[in-house]
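> Using only what follows, build the 3D model:
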Amino acid sequence: MNAPAALQDERLAHGITVVDTGFVRPQFDAAYLVVEEGRAAVIDTGTNAAVPRILAAIAARGLAPADVEWVIPTHIHLDHAGGAGLLMRHLPRARLLVHARGARHMVDPSLLLAGVRAVYGEDVVARDYGELVPVSADRVLAAEDGQVVHLAKRPLRLLDTPGHARHHLCIWDEASRGCFTGDTLGISYREFHDARWHYALPSSSPVQYDPLALRDSVARVLALRPSALYITHYGAVGHVAAQAEMVVRQSDAMAALTRDLHGTPGFGQRLRDGLRALYLSEARAQGVGLGDREVLQLVEADVELNAQGLEIWGRQSPD
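Below you'll find the predicted structure:
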């Protein structure tokens, strides 16, 4: 399967740049640089390996590291926040704004790293993420729901949006009428959203998936009537209502599948097979013009992580 050409950054309207962090493959994992009147914010950071790319994007906009005022991970999963500590070392004036549930893990990432190792294994974590750099406590701000911070005169509003994780924020940007949604509004790889088709799927990766909370969070974002979603996996999406509907419908189906299979012989394998069938069926319904094998290759990592998250949720709430 041919991957799309690597783009380290892509300029959008309203001073927004999509920075390809290079994680996993080209155009898989995004950080966002938002520039307003010579000031900048970074939303999501990718891993440590993304830091040179983000710094290059800052320089390409004619800015210095000291012009960055905010670093805002949507949540503390390492493909979104793993590079935050290292990045902060290069940004002398920036403050890290993070969900209150995640703030302490940015100051002392030892428990976070231990949890990630439990999911992925020590070798994978060492290869993909490296050591997490702590952030000085006096530079970390715990975000409050509805809190507004300003980039120059540009307001950015923080929304508590659990479902994918309890430590998840979405960031509403009035200037672009867009919302930086991390994983709350699902994932839609570049191969899945273009002029010909658009497919998105939910992320229930371990360990805090909650389908009812996800429904409420998606509805909260939709109530703002955004013209675009800036998703981490990957890029700007204009099919807002369609993406939201697909994500909620499949999340509901994933929860139902987990309930139906919970406690049955071969639960884990049957759950993974059911997820593959669900995602392939949905991709076909959306007219995705890729072969079955290509679709399944693109979602295979999500099948595994989503199944792990669903297994945990199923043990906690099987009925």
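
> residue ranges of the helices in the stretch 1-150 of the chain, please?
Taking DSSP state H, counting those that start in this stretch to define them, one finds helices in the stretch 1-150 of the chain at 51-60, 78-81, 84-90, 100-107, 110-120, 122-128.

> Now do the same contact list for Asp210.
Pro162, Gly163, Arg166, Trp313 (C-beta atoms under 8 Å, 6 or more residues apart in numbering). Just so you know, the C-beta spots here come from the backbone N, C-alpha and C atoms, and that holds for glycine as well.

> rerun at 6 Å
Contacts here follow C-beta atoms under 6 Å, 6 or more residues apart in numbering; on that basis Asp210 touches Gly163.

> Which stretches in the stretch 151-300 of the chain count as helices?
Secondary structure of the stretch 151-300 of the chain (DSSP H, counting those that start in this stretch): helices at 211-222, 240-261, 267-285, 292-316.

> Leu261 is nearest to which of the helices of the stretch 1-150 of the chain?
Among these, the nearest to Leu261 by C-beta to C-beta is helix 110-120 (21.1 Å).

> so the closest one versus helix 100-107, what angle?
With axes from the mean of the first three to the mean of the last three C-alpha atoms, to 10 degrees applied, the angle from helix 110-120 to helix 100-107 works out at 100 degrees.

> how far does helix 110-120 sit from the chain's center?
How far helix 110-120 lies from its chain's middle: 18 Å, per C-alpha atoms, centre = their mean, to the nearest Å.

> again, but for stretch 103-112
Offset of stretch 103-112 from its chain centre (C-alpha atoms, centre = their mean): 19 Å.

> Okay, buried residues for that stretch please.
For stretch 103-112, a neighbour-count test (16 or more other C-beta atoms under 10 Å) marks Ala103, Arg104, His105, Met106, Val107, Pro109, Leu112 as buried.

> measure the residue lying closest to the fourth one once chain neighbours are set aside to Arg89 for me?
If you skip the residues right next to it in sequence, Met106 has Val135 as its closest partner in space, 4.8 Å away by C-beta to C-beta, 6 or more residues apart in numbering. With distances taken as C-beta to C-beta, to the nearest Å, Val135 is found 9 Å from Arg89.

> more neighbours, those two?
Looking at Val135 and Arg89 with other C-beta atoms under 10 Å, you find the greater number of neighbours at Val135, namely 25 against 12.

> In this structure the more buried one contacts Arg104, no?
No - using C-beta atoms under 6 Å, Val135 makes no contact with Arg104, being 10.6 Å away.

> Next, format the helices of the stretch 151-300 of the chain as CSV and append mean neighbour count.
Below are the helices of the stretch 151-300 of the chain laid out as CSV (neighbours: other C-beta atoms under 10 Å):
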stretch, mean neighbour count
helix 211-222, 18
helix 240-261, 19
helix 267-285, 17
helix 292-316, 18
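
> closest to Val71 out of those?
Short answer: helix 211-222, nearest of the helices of the stretch 151-300 of the chain by C-beta to C-beta, at 21.7 Å.

> what's the closest one packed up against?
When contacts are defined as 3 or more C-beta pairs under 6 Å, 6 or more residues apart in numbering; DSSP states H and E, helix 211-222 sits against helix 240-261.

> for the helix it packs on, what is the average pLDDT?
Helix 240-261 carries an average pLDDT of 97.

> Show me the contact partners of it.
Contacts for helix 240-261 (C-beta under 6 Å, 6+ apart): 185-186, 200-202, 211, 214-215, 218, 222, 226, 229, 237, 267, 270-271, 274, 278, 282, 310, 314.

> now stretch 30-46
With contacts defined as C-beta under 6 Å, 6+ apart, stretch 30-46 is touched by 15-19, 21, 23, 29, 54, 57, 61, 63, 67-74, 80-81, 83-84, 87, 151-152, 154, 171, 180, 230, 232, 234-235.

> Buried residues of that stretch, list them for me.
Going by neighbour count (16+ other C-beta under 10 Å), the buried part of stretch 30-46 is 30-36, 39-46.

> surely Ala307 meets Arg270?
No - Ala307 lies out of contact with Arg270 (C-beta under 6 Å); the separation is 9.9 Å.

> which neighbours do the two share?
When C-beta under 6 Å, 6+ apart defines a contact, no residue borders Ala307 and Arg270 alike.

> For the most centrally placed residue in the chain, give me the pLDDT.
By C-alpha atoms, centre = their mean, the chain has its centre lying nearest to Gly182, at 3.2 Å. On pLDDT, Gly182 comes in at 98.

> Thought Thr74 was touching it, still the case?
Yes - under the criterion of C-beta under 6 Å, Gly182 is in contact with Thr74, at a separation of 2.9 Å.

> which residues are common contacts for those two?
Counting by C-beta under 6 Å, 6+ apart, nothing touches both Gly182 and Thr74.

> of the contacts of stretch 30-46, buried ones?
15-19, 21, 23, 29, 54, 57, 63, 67-74, 80-81, 83-84, 87, 151, 154, 171, 180, 230, 232, 234-235.
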